[in-house]
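S.K.: Fold the following.
(one chain, ligands or ions: 1)
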Amino acid sequence: MSRQTIRTVCPRNCYCTCGMLATVEDGRLVSIEGDPENPATAGELCLKGLSYVERVSHEDRLTAPLRRNRKGALEVVSWDDALDGIVAALWAIRRESGPLAALHYEGSGSHGALSGLAEGFWTPFGGCTRAHGDLCWPAGLEATRLTYGANRHNHPTSTRDSRFILLWGHNPAETNIHQWRLVLEAQKRGATIAVVDPRSTDSTDAADLHLQP
Ligand code: SF4
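M.R.: Residues are numbered from 1 along each chain as shown. Model (predicted):
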C-alpha cells in the first residue's frame with residue numbers, strides 16, 4: 001500500500017487559500033488536515049475544506065456532463081456531445097443576433113490562467129458582452145470604497161493589536177475563522193470586542209458587549 005501526505009492549499013474560490021495536508025492512500029484521498037506551518041491559516045480549515053474527503057468520493061459527485069432533455073430531466077452525455085451542443089448553440093446565437101448576444105460572466109475566483117484562456121476563446125468568435133465586475137470581490141471592493149472613500153485596509157494581522165473591535169452584523173467565529181483567531185488574540189491582550197447582531201452567535205457568546213437591536 002502506498003501512502004503519502006501532500007502539502008497543498010484549499011482549491012475553493014475563497015481568499016483564505018488555507019494550507020492543507022492531504023493524505024493519499026493508493027491514489028485515494030483519505031484525510032485532510034490544516035497545515036499548522038501556514039502562517040496565515042495556522043492549521044485551521046472550515047467545514048467546506050474538511051469535507052473534501054467526503055466530496056471527492058461521494059456517489060453524487062458529478063463525473064460527466066449532464067444535459068437537460070425535453071422532459072426537463074438531466075441526463076448524462078459524453079464530453080463530445082456536450083461540447084458539440086455548446087458550439088452549436090453559440091453559432092446559432094451569433095448567426096441570429098451577433099456575437100454580443102453572448103454574455104461572458106466570470107467570478108473573481110477565475111481571474112487566473114483560465115481567465116486568459118477565455119480571451120482566446122471569445123476573440124475568434126467575434127467578441128462577446130462582458131460584465132463589469134462581479135458579485136464577489138469587486139462587489140466587496142465597491143462597498144469598501146463607498147464606506148471608507150478608498151480601498152485601503154490595515155494588514156489582517158494588525159487586528160491583534162486593536163484595542164476595540166466592533167463586529168457589525170458579522171459572525172467571524174463561524175464565517176471567518178482566521179480573522180476570529182486574531183480577534184481572540186486581541187481580546188486576550190485586553191481589547192474590547194463588541195458585536196451588533198440581532199442574533200446570538202458564537203461571536204456574540206465570546207464578545208464583551210452584545211448590542212442586540
Ligand atoms: S476557509 Fe474553508 S473554503 Fe476557504 S480556503 Fe479555507 S478551508 Fe477552503
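S.K.: From here on, just use CA atoms for contacts and neighbour counts.
M.R.: Fine.
S.K.: what about the helices in this protein?
M.R.: All helices of the chain, identified by DSSP state H, fall at 47-50, 52-56, 79-97, 113-122, 137-148, 172-175, 177-188, 202-206.
S.K.: possible to save those helices as JSON lines with distance to residue 13, mean pLDDT and mean neighbour count?
M.R.: As requested, the helices of the chain are exported to JSON lines (distance: least, C-alpha to C-alpha, whole Å; pLDDT from 0 to 100; neighbours: other C-alpha atoms under 10 Å):
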{"stretch": "helix 47-50", "distance to residue 13": "11", "mean pLDDT": "91", "mean neighbour count": "14"}
{"stretch": "helix 52-56", "distance to residue 13": "14", "mean pLDDT": "93", "mean neighbour count": "15"}
{"stretch": "helix 79-97", "distance to residue 13": "25", "mean pLDDT": "96", "mean neighbour count": "13"}
{"stretch": "helix 113-122", "distance to residue 13": "13", "mean pLDDT": "80", "mean neighbour count": "12"}
{"stretch": "helix 137-148", "distance to residue 13": "11", "mean pLDDT": "85", "mean neighbour count": "13"}
{"stretch": "helix 172-175", "distance to residue 13": "15", "mean pLDDT": "93", "mean neighbour count": "16"}
{"stretch": "helix 177-188", "distance to residue 13": "16", "mean pLDDT": "96", "mean neighbour count": "19"}
{"stretch": "helix 202-206", "distance to residue 13": "24", "mean pLDDT": "98", "mean neighbour count": "17"}
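S.K.: Would you mind listing what in the protein touches the ligand?
M.R.: 10, 12, 14, 16, 17, 18, 45, 46, 48, 49 (C-alpha under 6 Å from any ligand atom).
S.K.: Report the contact partners of the second one.
M.R.: Taking C-alpha atoms under 8 Å, 6 or more residues apart in numbering as the definition of contact, the neighbours of residue 12 are residue 49.
S.K.: Distance of it relative to residue 47?
M.R.: 12 Å (C-alpha to C-alpha, to the nearest Å).
S.K.: and residue 177, how far is that from residue 131?
M.R.: 31 Å.
S.K.: returning to that earlier point: quick one: which of the residues of the chain next to the ligand has the most company?
M.R.: residue 18 (24 neighbours; other C-alpha atoms under 10 Å).
S.K.: residues contacting that one?
M.R.: 9, 10, 34, 35, 38, 40, 41, 43, 44, 45.
S.K.: Which residues does stretch 187-196 contact?
M.R.: 160-170, 183, 203-204, 207-213.
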